[in-house]
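Chemist: quick one: sequence and predicted model below, then my questions.
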Amino acid sequence: MRQQSIHLPGVSHNAPIPLGARVGNILATGGVSGIDPSTGKVAEGADAQAKFAFQNMGNILKQGGMDWGDVVKLTVFLVDDAHRGAINKYWLEVYPDEHHRPARHSLVQNLRGGVLLQLEALAVAK
């Protein structure tokens with residue numbers, strides 16, 4: 001198989017689904033939530049969930065042999081548009097230079113299990 005499934009200890013779906021997969025120079029993720037890997041539980045509040053979602057996404061990219069500079073599109077799912085500020089806080093930490101950011105799209109929708117936001121990425125290695 002050409003696929004490399006990516007899993008993170010303490011961060012998983014409640015299904016037999018990897019958090020991400022890499023084929024060749026392309027890495028795609030499923031929804032990456034703000035789960036605290038030390039507890040395996042969804043963090044409390046939008047800011048904490050955004051922090052862990054960005055940390056978890058960074059670790060998925062790292063396991064796939066990539067980094068934030070390889071992301072070409074980031075999709076953000078929010079249960080409430082008011083949580084956009086929490087996302088932007090960590091987005092600006094990862095992408096401080098407005099000339100070197102991936103495309104981004106945000107959608108407001110219902111999420112399960114106390115999840116307030118999720119990230120989904122498409123990345124292409126150098």
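Modeler: Right, received. Where do you want to start?

Chemist: now do the end-to-end distance for stretch 93-103.
Modeler: Looking at stretch 93-103, the gap from its leading to its trailing residue is 16 Å under the measure CA to CA, to the nearest Å.

Chemist: could you do stretch 12-32 as well?
Modeler: Across stretch 12-32, the terminal residues are separated by 9 Å (CA to CA).

Chemist: where does this protein have low pLDDT?
Modeler: 1 (pLDDT under 70).

Chemist: ok, and for the lengthiest helix in it, which residues are buried?
Modeler: As assigned by DSSP state H, the longest helix anywhere in the chain is helix 46-63. Under the neighbour-count criterion of 16 or more other CB atoms under 10 Å, helix 46-63 has 46-47, 49-61, 63 buried. From N, CA and C alone the C-beta is placed, and that goes for glycine too.

Chemist: the closest residue to residue 38 other than its chain neighbours: neighbour count?
Modeler: Nearest residue to residue 38, sequence neighbours excluded (CB to CB, 6 or more residues apart in numbering): residue 10, at 6.5 Å. Residue 10 is surrounded by 12 other residues when neighbours are defined as other CB atoms under 10 Å.

Chemist: ditto for residue 103
Modeler: As a measure of burial, residue 103 has 10 neighbours, counting by other CB under 10 Å.

Chemist: so what's it up against?
Modeler: Contact analysis of residue 103 by CB atoms under 8 Å, 6 or more residues apart in numbering lists 72-74.

Chemist: name the member of these with the most neighbours.
Modeler: For the contacts of residue 103, neighbours were counted by other CB under 10 Å; the highest total belongs to residue 74, with 24 neighbours.
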